[in-house]
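**Q** test case, fold it:
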Amino acid sequence: MTAPHGFSVSRYAPERGTLAKLTARDSVVRRLDWPILLSALALSFIGALLVWSATRGRTELNNGDPYYFLFRHALNTGIGVALMIGTIWLGHRTLRGAVPILYTLSIVLILAVLTPLGATINGAHAWIVVGGGFSLQPSEFVKITIILVMAMLLASKVDAGDQLHPDHRTVAKALTLAALPMGIVMLMPDLGSVMVMAVIVLGVLLASGASNRWVLGLIGAGIGGAVLVTALGMLDEYQINRFAAFANPDLDPSGVGYNTNQARIAIGSGGLLGAGLFKGSQTTGQFVPEQQTDFVFTVAGEELGFVGAGLILVLLGVVLWRACRIARETTELYGTVVAAGIIAWFAFQSFENIGMTLGIMPVAGLPLPFVSYGGSSMFAVWVAIGLLQSIRVQRPMTA
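**A** Have a look, this model is predicted:
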């Protein structure tokens, strides 16, 4: 009797007390996936330099302090790494038991955005302003919650050895729980985050071994939902204009198409080696809007050139490669599904962010993982790295 992907059911049998069995020779530190950790740290370091370059001359943003965003980005990274360590310490299996609490908290937070506590930033009413200049984007953490709640449901009976793959009732329940927060986020409207969540759901279903009919049905529902949302006028005008500019880049080059056109000019002017850090004319001239967040890749393209931008792609590729290896080598379906959801998240969001700067994807307001400035995004991606590391650390030890 075989489980999804050709593994025996025993492959997914939970291993209890793995961390307690670790010896000094086989410590947690030794079992960490160092390539994925070092690559994520390198991306955050490069991101700090790019954010610094994009903001050091923006006095209207940094209040006259050229190091303001550099320090904030470094602080966000430090907090993110601390969250990763905390996630590893708790363990993904411990968090599995806390999923109902995390899910409820996520729903409360995204509902709070729709109340007077919510704030509109860059056209999206998706933030909660905490005070002291700090803001929180709950939809970033909803991505993690969706991964965990779906993994918990889809893997429960398979990991227990009762089933070879999730049954239809379990899949329907998992999709319902994922649809609730996605629907609330859509009301903000935060279309970019919903797109990422939809890809996460698809990746989770594929990894869980669910029937292909569910996957095809989900794709069909996504297409139908997009048509329905447009027909009901649920999208804001600026979102519709972004898709129009993507379909026709020459539609309004000084208006809705301005961001993409300036981004392509910046990247194209970098050549092979770039103009040099802090020396990009498009960046110093502040021609590209939101360059420290959504369009941070343009700084790399202009100032570090094809080589520097290519390095970012290589590092992101290493993160995805190692995450795929963790998903393949884990001993339980729950770990496989969690890792697959993170892979789908990182892969699509990176492709969308870089793609929109090149004009091959519509502008969707999504940050580049580890590189773009933003606390909520940075915290969420480092928690995801913590989950991946926990899955690797808690693998059964060989004799």
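**Q** and the closest residue to Gln389 other than its chain neighbours, what element?
**A** What sits nearest to Gln389 in space, not counting adjacent residues and going by CB to CB, 6 or more residues apart in numbering, is Ile88, at 5.1 Å. C-beta here means a position set from N, CA and C on the backbone, and glycine is covered the same way. In the assignment (DSSP states H and E), Ile88 maps to helix 68-90.
**Q** now the helices for the stretch 101-250 of the chain?
**A** 138-159, 168-186, 191-208, 212-231, 237-247 (DSSP state H, counting those that start in this stretch).
**Q** show the average pLDDT along the longest one.
**A** Spelled out, that is helix 138-159. Averaged over helix 138-159, pLDDT sits at 91.
**Q** also the fourth one?
**A** Mean pLDDT, computed over helix 212-231, is 79.
**Q** which elements pack onto it?
**A** helix 168-186, helix 191-208 (3 or more CB pairs under 8 Å, 6 or more residues apart in numbering; DSSP states H and E).
**Q** highest average neighbour count across the ones you listed?
**A** helix 191-208 (a mean of 24; mean count of other CB atoms under 10 Å).
**Q** helices or strands next to it in the packing?
**A** helix 138-159, helix 168-186, helix 212-231, helix 333-358.
**Q** can I get those helices in JSON lines including distance to Gln292?
**A** As requested, the helices and strands packed on helix 191-208 are exported to JSON lines (distance: least, CB to CB, whole Å):
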{"stretch": "helix 138-159", "distance to Gln292": "17"}
{"stretch": "helix 168-186", "distance to Gln292": "23"}
{"stretch": "helix 212-231", "distance to Gln292": "30"}
{"stretch": "helix 333-358", "distance to Gln292": "13"}
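**Q** in this structure, where's the longest strand?
**A** strand 124-131 (DSSP state E).
**Q** and that one, which strands flank it?
**A** strand 118-121 (antiparallel), strand 134-136 (antiparallel) (DSSP bridges).
**Q** distance to Tyr258 added to those, as CSV?
**A** Below are those laid out as CSV (distance: least, CB to CB, whole Å):
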stretch, distance to Tyr258
strand 118-121, 19
strand 134-136, 25
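**Q** these: which one's closest to Met195?
**A** strand 118-121 (18.4 Å; CB to CB).
**Q** export the helices of the stretch 101-250 of the chain to JSON lines and tack on distance to Leu277?
**A** Below are those laid out as JSON lines (distance: least, CB to CB, whole Å):
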{"stretch": "helix 138-159", "distance to Leu277": "28"}
{"stretch": "helix 168-186", "distance to Leu277": "36"}
{"stretch": "helix 191-208", "distance to Leu277": "29"}
{"stretch": "helix 212-231", "distance to Leu277": "40"}
{"stretch": "helix 237-247", "distance to Leu277": "30"}
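**Q** check contacts around the residue lying closest to Arg322 once chain neighbours are set aside.
**A** Using CB to CB, 6+ apart and skipping the chain neighbours, the partner closest in space to Arg322 is Ile36 (3.9 Å). Ile36 sits next to Val318, Val319, Arg322, Ala323, Ile326, Ile385, Leu388, Gln389 when contact means CB atoms under 8 Å, 6 or more residues apart in numbering.
**Q** list just the nearest of the residues you listed to Val199.
**A** The closest of the contacts of Ile36 to Val199 turns out to be Ala323 (CB to CB; 14.6 Å).
**Q** so which helix or strand takes in that closest one?
**A** helix 305-329.
**Q** re earlier: give me the angle between the helix holding Ile88 and helix 138-159.
**A** On the basis of axes from the mean of the first three to the mean of the last three CA atoms, to 10 degrees, helix 68-90 is oriented at 20 degrees to helix 138-159.
**Q** next, the buried residues of helix 68-90.
**A** 68-70, 72-74, 76-77, 80-81, 83-84, 87-88 (16 or more other CB atoms under 10 Å).
**Q** same question, stretch 53-73
**A** Ser53, Ala54, Thr55, Arg56, Asn62, Tyr68, Phe69, Leu70, Arg72, His73.
**Q** and the helix holding Ala323, what does it pack against?
**A** Using 3+ CB pairs under 8 Å, 6+ apart, helix 305-329 sits against helix 34-55, helix 333-358, helix 375-393.
**Q** dump those helices into JSON lines; add mean pLDDT and distance to Gly203 as well.
**A** JSON lines is the format used below for those (pLDDT from 0 to 100; distance: least, CB to CB, whole Å):
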{"stretch": "helix 34-55", "mean pLDDT": "96", "distance to Gly203": "18"}
{"stretch": "helix 333-358", "mean pLDDT": "95", "distance to Gly203": "3"}
{"stretch": "helix 375-393", "mean pLDDT": "95", "distance to Gly203": "13"}
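**Q** which one of those lies closest to Ile146?
**A** helix 333-358 (7.4 Å).
**Q** before we move on, back to that, compare the helices of the stretch 101-250 of the chain and give me the one nearest Ala344.
**A** So among these, helix 191-208 is nearest, using CB to CB, at 2.8 Å.
**Q** any idea of the mean pLDDT for that closest one?
**A** pLDDT averaged over helix 191-208 gives 93.
**Q** comparing the strands paired with strand 124-131 by mean pLDDT, which bottoms out?
**A** Among the strands paired with strand 124-131, strand 118-121 carries the lowest mean pLDDT (a mean of 77).
**Q** which one of the helices and strands packed on helix 191-208 lies nearest to Arg31?
**A** Closest among the helices and strands packed on helix 191-208, once you apply CB to CB, is helix 333-358, at 13.9 Å.
**Q** before we move on, the earlier item: switch the contacts of Ile36 over to JSON lines; also include neighbour count.
**A** Below are those laid out as JSON lines (neighbours: other CB atoms under 10 Å):
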{"residue": "Val318", "neighbour count": "17"}
{"residue": "Val319", "neighbour count": "30"}
{"residue": "Arg322", "neighbour count": "21"}
{"residue": "Ala323", "neighbour count": "26"}
{"residue": "Ile326", "neighbour count": "25"}
{"residue": "Ile385", "neighbour count": "27"}
{"residue": "Leu388", "neighbour count": "32"}
{"residue": "Gln389", "neighbour count": "23"}
